[in-house]
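# Build the 3D model from these lines:
(one chain, ligands or ions: 1)
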Amino acid sequence: MVHFVGAGPGAPDLITVRGQALLKEADIIIYAGSLVNKELLEAAPSHCRIYNSALMTLEEVVDVMIQGEKEEKKIVRLHTGDPCLYGAIREQMDRLEEEGISYEVCPGVSSFCGAAASLQAEYTLPGISQTVIITRMEGRTPVPEREKLRSLAAHQSTMVLFLSTGLLVQVREELLAGGLAPDTPCAICYKATWEDEKIVWGVLDELPELAERAGIRKTALIVVGKVLESEYELSRLYAADFTTEFRQGRKDEGQK
Ligand code: SAH
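The predicted model follows:
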């Protein structure tokens with residue numbers, strides 16, 4: 001059995017209780033060495049064999065899994081954040097399927113949630129944006145034409161950009177071309193929840209310069225949108241006149 005486990009965004013105590021229990025029982029751990037906090041590996045038993053997937057190809061990773069399965073070992077594949085985002089788990093699951101090896105996924109706290117916590121931000125504010133677009137600037141990995149940043153920007157929704165810190169000149173160009181105002185609020189969140197976390201606030205027009213001045217070139221998320229400003233409407237859910245399944249509103253007027 002292979003367990004794909006989300007390691008969380010960085011701080012070692014932001015892995016789930018289930019994920020931690022799986023690490024404690026693992027005979028083999030294959031971790032994404034570029035971003036997973038190595039302190040997490042301290043939970044592993046002393047006999048555990050540990051591999052860094054940053055140095056391996058897909059086939060090498062799968063070979064370790066196949067060999068481990070033959071030896072009836074408990075295998076943990078440790079991915080940064082939550083494995084469902086830019087985790088390249090689908091290709092591993094498909095290979096395991098072919099080999100007849102069973103697997104499970106244990107979710108994790110994605111870095112976009114870690115970043116929101118660090119920014120003390122709410123990505124969905126009434127009257128401002130009720131949608132979060134998680135995407136990336138096209139780099140060596142292509143992005144489908146219909147998902148180009150400029151067309152996504154046209155929604156004026158909150159955007160969280162992964163894997164784009166080295167491409168901020170293009171990010172700015174695309175977002176402006178998509179209709180975002182040059183003074184749209186932005187935040188660059190470097191290593192959210194790690195001890196050396198760094199956060200820079202600014203506006204879209206100065207995005208590349210902000211990163212450069214702060215010396216941020218990788219391992220960051222770019223959050224863009226008016227939710228980072230102070231203007232918004234109060235939520236309907238907690239409004240006094242709003243009736244829900246759990247609470248009777250004081251006045252039924254004005255309800256939808
Ligand atoms: N599955 C991961 C994302 C992997 S892609 C998740 O759910 O978070 C790798 C990219 O994630 C990095 O280039 C960076 O953009 C972002 N990232 C991962 N951890 C981060 C962190 N602690 N702070 C800021 N960005 C992070």
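
# Next one, pLDDT for Glu72 please.
pLDDT for Glu72: 97.

# need the strands for the stretch 51-200 of the chain, in chain order.
75-79, 103-106, 132-136, 158-162, 185-190, 198-203 (DSSP state E, counting those that start in this stretch).

# Could you check how far the last one is from the centre of its chain?
Per Cα atoms, centre = their mean, to the nearest Å, the displacement of strand 198-203 from the mean C-alpha position of its chain is 18 Å.

# Check which helices and strands it sits against.
When contacts are defined as 3 or more Cβ pairs under 8 Å, 6 or more residues apart in numbering; DSSP states H and E, strand 198-203 packs onto strand 185-190, helix 207-214. To be clear about C-beta, it is placed using only N, CA and C from the backbone, and glycine gets the same treatment.

# now swap in the first one and tell me
With contacts defined as 3+ Cβ pairs under 8 Å, 6+ apart, strand 75-79 has these neighbours: strand 2-6, helix 17-25, strand 28-31, helix 58-70.

# And those: which comes nearest Ala240?
Closest to Ala240 of these, according to Cβ to Cβ: helix 17-25, at 36.7 Å.

# what comes up buried for that closest one?
For helix 17-25, the neighbour count (16 or more other Cβ atoms under 10 Å) marks 19-20, 22-23 as buried.

# how about that helix, does it reach the ligand?
No: Helix 17-25 lies apart from the ligand when judged by Cβ under 6 Å from any ligand atom; the minimum separation is 13.0 Å.

# now, among the buried residues of helix 17-25, which is nearest to Glu229?
The closest of these, once distances to Glu229 are taken by Cβ to Cβ, is Gly19, at 35.1 Å.

# And the pLDDT at the closest one?
98.

# again, but for Glu253
pLDDT, Glu253: 53.

# which one of the helices and strands packed on strand 198-203 is the most hemmed in?
Among the helices and strands packed on strand 198-203, the stretch with the highest mean neighbour count (mean count of other Cβ atoms under 10 Å) is strand 185-190, at a mean of 24.

# Tell me the strands beside that strand, with direction?
Within its sheet, strand 185-190 is paired with strand 198-203 (antiparallel), strand 220-224 (antiparallel), according to DSSP bridges.

# pLDDT of stretch 28-46, averaged?
97.

# Please see if that stretch touches the ligand.
Yes: applying Cβ under 6 Å from any ligand atom, one finds stretch 28-46 in contact with the ligand at Leu35.

# Leu175 reaches Thr184, doesn't it?
Yes: with contact defined as Cβ atoms under 8 Å, Leu175 and Thr184 form a contacting pair (7.4 Å).

# quick one on the thing from earlier: how about a markdown table for the helices and strands packed on strand 75-79, with distance to Tyr190 added?
Listed next are the helices and strands packed on strand 75-79 as a markdown table, based on distance: least, Cβ to Cβ, whole Å:
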| stretch | distance to Tyr190 |
| --- | --- |
| strand 2-6 | 20 |
| helix 17-25 | 24 |
| strand 28-31 | 21 |
| helix 58-70 | 28 |
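
# Can you name the residues bridging to Cys106?
Val5.

# For Leu23, see how far away it is.
Applying Cβ to Cβ, to the nearest Å, the value for Cys106 to Leu23 is 10 Å.

# Please name the spatially closest residue to Thr135 (chain neighbours excluded).
Of all residues not flanking Thr135 in the chain, Leu152 sits nearest, at 5.9 Å (Cβ to Cβ, 6 or more residues apart in numbering).

# dump the residue contacts of the one you found.
133, 135, 159, 178 (Cβ atoms under 8 Å, 6 or more residues apart in numbering).

# Surely Glu99 touches Asp63?
No: using Cβ under 8 Å, Glu99 makes no contact with Asp63, being 10.1 Å away.

# How is the chain divided into domains?
Using automatic domain parsing, the domain parsing of the chain gives 2-106, 111-228.

# Of all the ones you listed, which one is nearest Thr244?
domain 111-228 (15.2 Å).

# Kindly check the end-to-end length of that closest one for me.
Using Cα to Cα, to the nearest Å, the end-to-end distance of domain 111-228 comes out at 17 Å.
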